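*Asks:* Sequence below, structure please.
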Amino acid sequence: MRLSQYRAPIARGGGSGNVANVTDDAVIPPFDSLPRLPGNGVQHAWDVWGGGDNLGTLNRLTGPAVAAAAGCVRTGERIGVSLPLGLPDPPFFGRKGYSHSFTPMGPTAWDDWIDGFYLQCSSQWDGLRHVGSPDGWYGGWHGQPSDDLEPLGIHHWAERGIVGRGVLVDLASRAPGLPGQGTGAGYDPFTRVPFRPDDLSAALRAQGVSLRGGDILCVRTGWTDKYLTLDPAARARLADGMQEVSGYTSAGLAGSEEMARFLWDSGVAAVACDNPAVEVVPADPSDGFLHGRLIAGLGMAIGELFSFGALAAACQRDGRYEFLFVAVPL
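*Replies:* Residues are numbered from 1 along each chain as shown. Modelled structure (predicted):
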């Protein structure tokens, strides 16, 4: 699956990072040619789309890429992949649950509102301000959100949404490192199982699908599927053990440079996973921190706590693992 480089349309715009025009002959530099940040040695793409870029790898969602993705629509079946706003319940990492209130607007009308909603409580996208580096945030920004809401704000992503060809890689149906084998009773997504590029490649080959520039890669570890089977008492016990972001165990993507290389060179525009952190928890210090590599270094959009069980069932039923993926970040 690794590509040394790929030729794809690139959005060329002004300082806001919005599309002004599209050129079809630009070449995205391969991962191994990217420079390294002096503070932590992570390879970065700060100059790939120019100074002041706010979209990162979502620049790969060009008009031609989205138009091609529309060809994945064949049956018109629609499958939601977001958890309800109230799940997980109780929330993880010390966050609070929201309150939902109703106010009468008259004898036959109601208004309703939500208060205290943590934006990272349910299925979510991590914006480019979520994680920085010793050298600054993606692109070199050094400000504070409270002082300047404009640079790298997720509202830039919300303007056009995240729309493109989705590809499911169903790791939950396979044993890590054993191509062609079912997971069996031994696999538990609530334990520390690091998935590496070879695992992703093997699953994609078995599914008969390959990645192309501008894809949204949907990674199913089975974490959310297991969570949804828990009763309220088990969910409360789980949340009690997840007060710290590194104080629990979860299957996920390895945090290695090799994984960052695979994702960048595959050309994906975004990665959405069904576990709490995308990456395996706890991290292996010898691999590193995938959030730092992807968000701060490459400007890659990553999503967490998606629900892919119904999608996986549909893909297995039809023998087809590509689809039109549509998301609108808040």
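
*Asks:* Tell me which stretches of the stretch 101-250 of the chain form strands.
*Replies:* With DSSP state E, counting those that start in this stretch as the criterion, the stretch 101-250 of the chain has strands at 109-115, 124-126, 162-170, 194-195, 216-220.

*Asks:* need those in a markdown table with mean pLDDT, can you?
*Replies:* Listed next are the strands of the stretch 101-250 of the chain as a markdown table, based on pLDDT from 0 to 100:
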| stretch | mean pLDDT |
| --- | --- |
| strand 109-115 | 93 |
| strand 124-126 | 95 |
| strand 162-170 | 98 |
| strand 194-195 | 96 |
| strand 216-220 | 98 |
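
*Asks:* What is the neighbour count of the nearest residue to Y248 once chain neighbours are set aside?
*Replies:* The shortest distance from Y248 to any residue that is not its chain neighbour, by C-beta to C-beta, 6 or more residues apart in numbering, is 4.8 Å, and that residue is M242. C-beta coordinates here come from the backbone N, C-alpha and C atoms, glycine included. Around M242 sit 20 other residues, with neighbours defined as other C-beta atoms under 10 Å.

*Asks:* do the same with G164
*Replies:* The number of residues near G164, taken as other C-beta under 10 Å, comes to 27.

*Asks:* Who are the contact partners of it?
*Replies:* Counting by C-beta atoms under 8 Å, 6 or more residues apart in numbering, G164 makes contact with L61, A65, V66, A69, G214, D215, I216, A269, A270, L324, F325.

*Asks:* nearest spatial neighbour of the fifth one, skipping sequence neighbours?
*Replies:* Of all residues beyond its chain neighbours, the one nearest G214 is A65 (3.4 Å), with distances taken as C-beta to C-beta, 6+ apart.

*Asks:* hmm, back to that, pick the most deeply packed of the strands of the stretch 101-250 of the chain.
*Replies:* For the strands of the stretch 101-250 of the chain, the largest average neighbour count (mean count of other C-beta atoms under 10 Å) is found in strand 216-220, namely a mean of 26.

*Asks:* what's the closest non-adjacent residue to R165?
*Replies:* Counting by C-beta to C-beta, 6+ apart, the nearest residue to R165 once its immediate chain neighbours are dropped is A69, at 3.7 Å.

*Asks:* Helix, strand, or coil at the one you found?
*Replies:* With DSSP: H, G, I helix; E, B strand; the rest coil as the basis, the three-state label of A69 is helix.

*Asks:* residues touching it, list them.
*Replies:* Contacts here follow C-beta under 8 Å, 6+ apart; on that basis A69 touches V163, G164, R165, G166, G214, L324, F325.

*Asks:* Quick check, the fifth one in contact with A269.
*Replies:* Yes: distance between G214 and A269: 5.1 Å, which falls inside the contact criterion (C-beta atoms under 8 Å).

*Asks:* returning to that earlier point: centre of the chain versus whichever strand or helix holds the residue nearest to G214, how much separation?
*Replies:* If you go by DSSP states H and E, A65 is part of helix 63-69. When C-alpha coordinates are averaged (C-alpha atoms, centre = their mean, to the nearest Å), helix 63-69 and its chain have centres 20 Å apart.

*Asks:* quick one: the residue nearest to Y248 from V278, how far?
*Replies:* Counting by C-beta to C-beta, to the nearest Å, the gap between M242 and V278 amounts to 15 Å.

*Asks:* what do you get for S33?
*Replies:* Between S33 and V278 the distance, using C-beta to C-beta, works out to 25 Å.

*Asks:* ok, now L238?
*Replies:* When L238 is compared with V278 (using C-beta to C-beta), they lie 18 Å apart.

*Asks:* Give me the neighbour count for S173.
*Replies:* Under the neighbour criterion other C-beta under 10 Å, S173 is assigned a count of 17.

*Asks:* coming back round to it: which one of the contacts of G164 is nearest to L128?
*Replies:* Compare each of the contacts of G164 with L128 using C-beta to C-beta and the shortest gap goes to A270, at 12.1 Å.

*Asks:* Could you tell me how many residues sit around the nearest residue to the closest one once chain neighbours are set aside?
*Replies:* If you skip the residues right next to it in sequence, A270 has A301 as its closest partner in space, 3.9 Å away by C-beta to C-beta, 6+ apart. A count of neighbours around A301, defined by other C-beta under 10 Å, yields 28.

*Asks:* For A301, list the residues it contacts.
*Replies:* By C-beta under 8 Å, 6+ apart, the neighbours of A301 are G56, T57, L58, W125, D126, W157, I162, A269, A270, V271.

*Asks:* Name only those of those residues that count as buried.
*Replies:* G56, T57, L58, W125, D126, W157, I162, A269, A270, V271 (16 or more other C-beta atoms under 10 Å).

*Asks:* what would these look like in TSV with distance to W113?
*Replies:* Output for those, formatted as TSV (distance: C-beta to C-beta, whole Å):
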residue	distance to W113
G56	32
T57	34
L58	30
W125	23
D126	26
W157	24
I162	26
A269	34
A270	30
V271	33
